[in-house]
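Asker: Return a 3D structure for these sequence lines:
(chains A and B)
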Amino acid sequence: GQQLNQSPQSMFIQEGEDVSMNCTSSSIFNTWLWYKQDPGEGPVLLIALYKAGELTSNGRLTAQFGITRKDSFLNISASIPSDVGIYFCAGELSGSARQLTFGSGTQLTVLP
Amino acid sequence: DVKVTQSSRYLVKRTGEKVFLECVQDMDHENMFWYRQDPGLGLRLIYFSYDVKMKEKGDIPEGYSVSREKKERFSLILESASTNQTSMYLCASSLVKGGGQPQHFGDGTRLSIL
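Answerer: Now for the predicted structure:
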């Protein structure tokens, strides 16, 4: 079963605001991934993190691999309407090569 | 860019039918995965494969089987469809090289069992 706690479950924000979401676990992860899923589509990879402490940006998105290897966060700056969707974290557990564990997702709504 | 193609976006079948969901990837990936996605339950792994003719059970394999006769194609089979298998089905693939290779997803098949 799932071993990742993703929060918040949903967010309603105004256009232009910054957004932060995170995933935590009691287990150690070797890799953290962040995906976005638009309605009716499959998840699309946003950012991949491979080392503890790593901070990576992709445009307005920034994600970090926690020092303890048990958490990760995703920030979106200056949100726009097309940021709407479900954001998933996923991680590769230590000792569990190739398979991913997924968070339950954060539903983001951006209000004009 | 990696391309994972699922054969149908929407599918409607009847209870008891044998249902085939097809997935093809064009990046010579060794690993392929089948998930189902349900509201509130996230993505759950059904089956996966690391090589041709090889398969492993995921977290919820009951009622499903898979086939991987060619490296680029991974099929999910519902042996006798039931209404509780109505769901969004997602196929994914990844490289085997090193660990932590991201999985790349198809657009999904929304399956309804009547």
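Asker: Test for you: state the pLDDT assigned to residue 97.
Answerer: Just going to use chain A. Listed pLDDT for residue A:97 reads 60.
Asker: should've been chain B
Answerer: Residue B:97 is assigned 59 on the pLDDT scale.
Asker: swap in the one 3 residues further on?
Answerer: You'll see residue B:100 listed with a pLDDT of 66.
Asker: what helix or strand is the most centrally placed residue in chain B on?
Answerer: Against the mean C-alpha coordinate of chain B, by C-alpha atoms, centre = their mean, the closest residue is residue B:34 at 2.7 Å. Secondary structure assigned from DSSP states H and E places residue B:34 in strand B:31-38.
Asker: before we move on, the earlier item: unless I'm misreading it, the residue nearest to the centre of chain B sits right up against residue B:90, doesn't it?
Answerer: Yes - the pair residue B:34 / residue B:90 is scored as a contact, 7.5 Å apart, by C-beta atoms under 8 Å. In short, each C-beta sits where N, CA and C put it, glycine included.
Asker: Any residue of whichever helix or strand comes after the strand holding residue B:34 touching chain A?
Answerer: Scanning forward in sequence from strand B:31-38 by DSSP H and E, the next helix or strand is strand B:42-49. Yes - if you take C-beta under 8 Å from any C-beta of the partner chain as the test, strand B:42-49 does meet chain A, through B:42, B:43, B:45, B:48.
Asker: Take those and write them to CSV, including neighbour count.
Answerer: Below are the residues of strand B:42-49 next to chain A laid out as CSV (neighbours: other C-beta atoms under 10 Å in any protein chain shown):
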residue, neighbour count
B:42, 21
B:43, 28
B:45, 20
B:48, 25
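Asker: Dump those to JSON lines, plus pLDDT.
Answerer: Below are these laid out as JSON lines (pLDDT from 0 to 100):
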{"residue": "B:42", "pLDDT": "83"}
{"residue": "B:43", "pLDDT": "90"}
{"residue": "B:45", "pLDDT": "92"}
{"residue": "B:48", "pLDDT": "93"}
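Asker: Which pair in those residues has the greatest spatial separation?
Answerer: Spanning the widest gap among the residues of strand B:42-49 next to chain A are B:42 and B:48, at 16.5 Å by C-beta to C-beta.
Asker: Enumerate the beta-bridge partners assigned to whatever residue of chain A ends up closest to chain B.
Answerer: Distance from chain B to each residue of chain A (C-beta to the nearest C-beta) is smallest for residue A:31, at 3.0 Å. Assessed by DSSP bridges, residue A:31 has beta-bridge partners residue A:92.
Asker: my guess is it meets residue A:49, correct?
Answerer: Yes - using C-beta under 8 Å, residue A:31 makes contact with residue A:49 at a distance of 6.8 Å.
Asker: all strands for the chain, in order.
Answerer: Because you didn't say which chain, this covers chain A. With strands called from DSSP state E, chain A shows them at A:5-7, A:10-14, A:19-24, A:29-37, A:44-49, A:55-58, A:61-65, A:71-76, A:85-93, A:101-102, A:106-111.
Asker: try again with chain B
Answerer: Using DSSP E, the strands found in chain B span residues B:4-6, B:10-13, B:19-25, B:31-38, B:42-49, B:56-57, B:64-70, B:73-78, B:87-94, B:104-105, B:109-113.
Asker: picking that back up, and the strand holding residue B:34, which strands flank it?
Answerer: Looking at strand B:31-38 with DSSP bridges, its partner strands are strand B:42-49 (antiparallel), strand B:87-94 (antiparallel).
Asker: Parallel or antiparallel, list what pairs with the helix or strand of chain A with the lowest mean pLDDT.
Answerer: Of all helical and strand segments in chain A, the minimum by mean pLDDT, DSSP states H and E falls on strand A:101-102, at a mean of 90. Applying DSSP bridges to the sheet, strand A:101-102 is found paired with strand A:85-93 (antiparallel).
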